[in-house]
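Peer 1: Got a predicted structure plus its sequence, pasted below:
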Amino acid sequence: MEIALEPEIPTYSGGLGVLAGDMLRSAADLEVPMAGVTLVHHNGYFRQRLDSNGNQSEEPEPWQPDRRTELMEPWADVVIEGRTVRLRAWRYWIRGISGHGVPVYLLDSAVPENSAWDQTLTNDLYGGDAHYRLCQEALLGLGGARMLQSLGYLGITSYHMNEGHAALLAIGLLEQDLGKGNLHRATASDIERVRRRCVFTTHTPVPAGQDQFSKDLTNQVLGEERINLLQATECCPDQLLNMTFLALRFSRYINGVAMHHGEVSRGMFPQYPIRAITNGVDAATWTAPPFRELFDRHVPEWRYDNLYLRYAIGIPLEEIRRAHLSAKQVLLREVAARNGVQLKESVLTIGFARRAAAYKRADLLFSDLERLRKIARQVGPFQVIYAGKAHPRDEPGKSLIRHVVQAAAELNGESIKVVYLENYEIALAHLITSGVDLWLNTPHRPQEASGTSGMKAALNGVPSLSILDGWWIEGCLEGVTGWAIGHDDDIPRDPSDECASLYHKLETIVVPMYYGRPSAYAEIMRSAISVNGSFFNAHRMLDQYVNNAYFPREGQFAEAAIEGGQ
């Protein structure tokens, strides 16, 4: 549903879209034969505005596809609500280090043949009501399948559904195989033929995060024949079309996005064999210019094979510190330009930049303001840079932003400065993840499927202080790549335990080391690059998808079919 291509194309809301973009960028680097499909989202996601109290307002962020992409001649038709909606496609090229190109097709319903309402269906990312959303997902899944066929992609071996938004692709493939109006004739072997071509990645560790639509709405949008098939294939539990169930039912390979997330997903869907491929980020994209130059000198192979970043362990500490200081200075200049706040480059700078959702708990750091004041007075000062958007209809997320801004107002003027930068997007993410000294992450366990912001920070020598959830369970080597908040044995019932751990680590380890033992801190920075940067990257991630999901070995999924009861 979203793919982050570049800052000037605002067709993404957060980590899901950035991950998709990173995956395709790595495909271009590694010359993997693949293409991306998404919607054009003419109005972008939204531009965030924050007032002095932290109240968020939104405005559209329109962009012009003809300035960044090329219009393709083929078109595709999709029948929804009994009428035909015509789609065109804009093509965007992602170029790899060798010049290899990966195309991304952005589907667009804004054509004269469509009704005024149908023309709006590719305007807004995650906008509108359930009706609008289901129509969008029909265009993405059904229309994506038809568009690829119209564009001449006739020998596709694997279709990768990234989250349940694209799950109607499976029905589209079945319609292509059987012909229009013949879904009622679908047999088990027909379904198996589709299943053998589909791969599904789930990014959601909680049932509430799955797209679900009522039977009446599904019947209205998709029609009786399609819903009869969906019910027959057990994709409509409790009279609701569950897009996750649809994707699970029609996929030969299913994975979560971190080791722990795979375990959580198997608990949610025990009848399916769910693997795990831990997320990664595109190293060349997310490494700041000073570190790119540093790696080019010391580890020249890193752009072609990110595993070579392992050899960053041999880079002199002083060069690591010098590169980081350069990135930090760029960030602090941007903070001053945006907010008029002068932060000091000598002060420990903590970063927290995530989508503003309640479970991410951006305000956990401020649970005890007096304790924070004590740490800053007695151990050493620190400053915190926040950023992140709340979905326009996410009131708890908006409340979280207000709470952070309120805490900032109470703390500022002492030994702690806090700033909240508005309109978090790719360009700002580059600056924050590379320019802070410490990356903070405090989600409710086990609701962090993976998380990738800390991976971006690690590539730039920024260690994490994080709850043991998502990727950090795999990436945390205590005192080597960063530090853990709490423990990974039990999910705490009382968040005060995690607060106590957070404050303890800051007071007794992180702040004293930053000011008192700068070389020891620089060693952790270097290890974050060598250990985490060399593994949590999109080259490694895509290589696992290629070998395990896209081009499986003969017989690799025989056991999976038996386990899944297929």
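Peer 2: Alright, I've got the coordinates.
Peer 1: low-scoring stretches of this structure, by residue?
Peer 2: Within the chain, the segments meeting pLDDT under 70 span 208, 488-493, 554-566.
Peer 1: just checking, Val511 is part of a helix?
Peer 2: Yes. Counting by DSSP: H, G, I helix; E, B strand; the rest coil, Val511 is located in a helix.
Peer 1: Can you verify my assumption that it contacts Phe382?
Peer 2: Yes. Under the criterion of CB atoms under 8 Å, Val511 makes contact with Phe382 at 6.5 Å. All C-beta atoms are positioned from the backbone trio N, CA, C, and that covers glycine.
Peer 1: what do those two both touch?
Peer 2: Listed contacts common to Val511 and Phe382 are 348, 375; contacts here mean CB atoms under 8 Å, 6 or more residues apart in numbering.
Peer 1: So which residues of the stretch 451-566 of the chain form strands?
Peer 2: Counting by DSSP state E, counting those that start in this stretch, the segments of the stretch 451-566 of the chain that form strands are 464-467, 482-485.
Peer 1: Can you name every helix or strand that the longest strand along the chain contacts?
Peer 2: Criterion DSSP state E: the longest strand present in the chain is strand 83-95. On a contact count with 3 or more CB pairs under 8 Å, 6 or more residues apart in numbering; DSSP states H and E, strand 83-95 meets helix 15-30, helix 65-68, strand 70-71, strand 76-80, strand 101-108, helix 144-150.
Peer 1: Out of these, the one nearest Leu348 is which?
Peer 2: Smallest distance to Leu348 across those (CB to CB): 25.6 Å, for helix 15-30.
Peer 1: counting contacts, what elements does the helix or strand following that closest one pack onto?
Peer 2: The C-terminal neighbour of helix 15-30 among helices and strands, as given by DSSP states H and E, is strand 36-39. Judged by 3+ CB pairs under 8 Å, 6+ apart, strand 36-39 is in contact with helix 15-30, strand 101-108, helix 144-150.
Peer 1: please redo it, this time with the cut-off set to 10 Å
Peer 2: The elements that strand 36-39 packs onto, with contact taken as 3 or more CB pairs under 10 Å, 6 or more residues apart in numbering; DSSP states H and E, are helix 15-30, strand 83-95, strand 101-108, helix 144-150, strand 159-162.
Peer 1: Next, count neighbours for Phe245.
Peer 2: A count of nearby residues for Phe245, using other CB atoms under 10 Å, gives 22.
Peer 1: typed the wrong thing, it's His260
Peer 2: 25.
Peer 1: For Pro10, see how far away it is.
Peer 2: Distance, His260 to Pro10, by CB to CB, to the nearest Å: 31 Å.
Peer 1: Likewise for His42?
Peer 2: Distance of His42 to Pro10, computed by CB to CB: 10 Å.
Peer 1: do Val111 as well
Peer 2: Distance from Val111 to Pro10, counting by CB to CB: 22 Å.
Peer 1: Let me see the contact set for Leu307.
Peer 2: Neighbour list for Leu307: 301, 533-535, 537, 539-540, 543 [criterion: CB atoms under 10 Å, 6 or more residues apart in numbering].
Peer 1: That should have said Arg25, apologies.
Peer 2: Arg25 neighbours (CB under 10 Å, 6+ apart): 4-5, 94-97, 102, 281-285, 538-539, 542.
Peer 1: Roughly how far does it sit from Tyr159?
Peer 2: Computed as CB to CB, the Arg25 to Tyr159 distance reads 20 Å.
Peer 1: hang on, the earlier thing: the more surrounded of Val111 and Pro10?
Peer 2: Taking neighbours as other CB under 10 Å, Val111 and Pro10 compare with Pro10 leading, 24 against 14.
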